[in-house]
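Asker: Curious how this folds, go ahead:
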Amino acid sequence: MISPIKIRVSAFSCLLGLPIAAILGWSSPSQAQPEEVFPTNTLENADDLRPLNQPSSIFSLAAGERLLAEAGDAISVQDYSLAANKLREARQVFDQLSNFYQELSSMFIGIDSRITDNHRRRALQSAQKRDQASYQLALVHRQQNKPELAVPLLIQILRSQQPTRELGQQAYQQLFELGFVEIPYPNDGAAPSTSSSTPR
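Answerer: Residues are numbered from 1 along each chain as shown. The predicted model follows:
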C-alpha cells in the first residue's frame with residue numbers, strides 16, 4: 001500500500017516537470033487579466049521620459065536660471081536674506097554642472113569630437129552662469145554689510161574670468177570699492193561701465 005505522503009510527493013514531482021506556461025494556463029478564462037499595453041519609447045517621446053529634462057528638475061541649467069529669477073524677485077523687494085539663499089543654490093547647481101560637463105568633455109577627447117565639443121560648451125555656459133550668480137551674491141553681501149563674505153566670491157570670479165574680461169573687471173572693481181585692493185584696474189582709473197554695487 002502506498003502511503004499518503006508518497007502520493008503527495010509524487011504529485012508535486014509531476015508539477016515540477018510541467019512547463020511554467022502550462023501551469024499558468026490552468027487559470028480559467030474568466031480569471032484571466034487583460035494584457036497591459038505600455039507606450040513604446042519612440043524617438044518622439046524619448047526626451048520627455050528623461051527625468052533631468054523635466055521642468056521640475058533641480059539639476060539643470062533651467063533650474064539654475066529659475067533660482068536666479070527667484071533671487072531677482074527677492075532683491076526687488078529687498079529681501080536680501082532670501083536672495084542670498086537662492087543665489088547660493090544657483091551657484092551650487094551651476095558649479096556642479098560645469099564640473100561634470102568638463103569631466104565628460106575630457107573623457108571623450110580623441111574618441112568623439114562632437115561629444116567633447118558639446119560638453120565643453122555646456123561646461124563653459126554653466127561656469128559663466130555660476131560666475132554671474134557669484135557676482136550677484138557678492139553684491140547682496142555688500143547690501144547686507146558683510147564685505148568679508150563678498151571678497152572670496154570676487155576672488156573666485158577673477159580666478160575664473162581673468163581680469164581682462166568684463167565680469168572679471170567688475171569683480172576687481174568691487175574689491176577696489178571695498179578697500180581690499182589699492183590699485184584700480186584698468187590702469188587709467190576708469191571703472192567698468194557696467195559696474196554697480198547694487199544687485200539686480
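
Asker: Please spell out which residues along the helix or strand where Gln92 lies are buried.
Answerer: Using DSSP states H and E, Gln92 sits in helix 80-107. Using 16 or more other Cβ atoms under 10 Å as the test for burial, helix 80-107 gives 80, 83-91, 93-95, 97-98, 101-102, 104-105. C-beta coordinates here come from the backbone N, C-alpha and C atoms, glycine included.

Asker: Kindly report the same for stretch 155-174.
Answerer: Buried-residue list, stretch 155-174, by 16+ other Cβ under 10 Å: 155-158, 160-161, 167-174.

Asker: Closest one to Ile115 out of the residues you listed, please.
Answerer: Using Cβ to Cβ, Ser160 comes nearest to Ile115 of those, at 23.8 Å.

Asker: from what I can see the closest one touches Ala127, true?
Answerer: Yes - the criterion here is Cβ atoms under 8 Å, and Ser160 meets it with Ala127 at 6.3 Å.

Asker: just checking, what's the longest helix in the chain?
Answerer: helix 113-143 (DSSP state H).

Asker: can you give me the mean pLDDT across the one helix or strand Arg66 maps to?
Answerer: Assessed by DSSP H and E, Arg66 sits inside helix 61-76. Per-residue pLDDT over helix 61-76 has a mean of 95.

Asker: same check, this time on stretch 83-102
Answerer: What stretch 83-102 shows for mean pLDDT is 96.

Asker: just stretch 177-197 next, same as before
Answerer: For stretch 177-197, mean pLDDT rounds to 73.

Asker: Would you mind listing the buried residues in the helix holding Arg66?
Answerer: For helix 61-76, by 16+ other Cβ under 10 Å, it's 61-64, 66-68, 70-71, 74-75.

Asker: list the helices and strands it packs on?
Answerer: Applying 3 or more Cβ pairs under 8 Å, 6 or more residues apart in numbering; DSSP states H and E, one finds that helix 61-76 contacts helix 80-107, helix 113-143.
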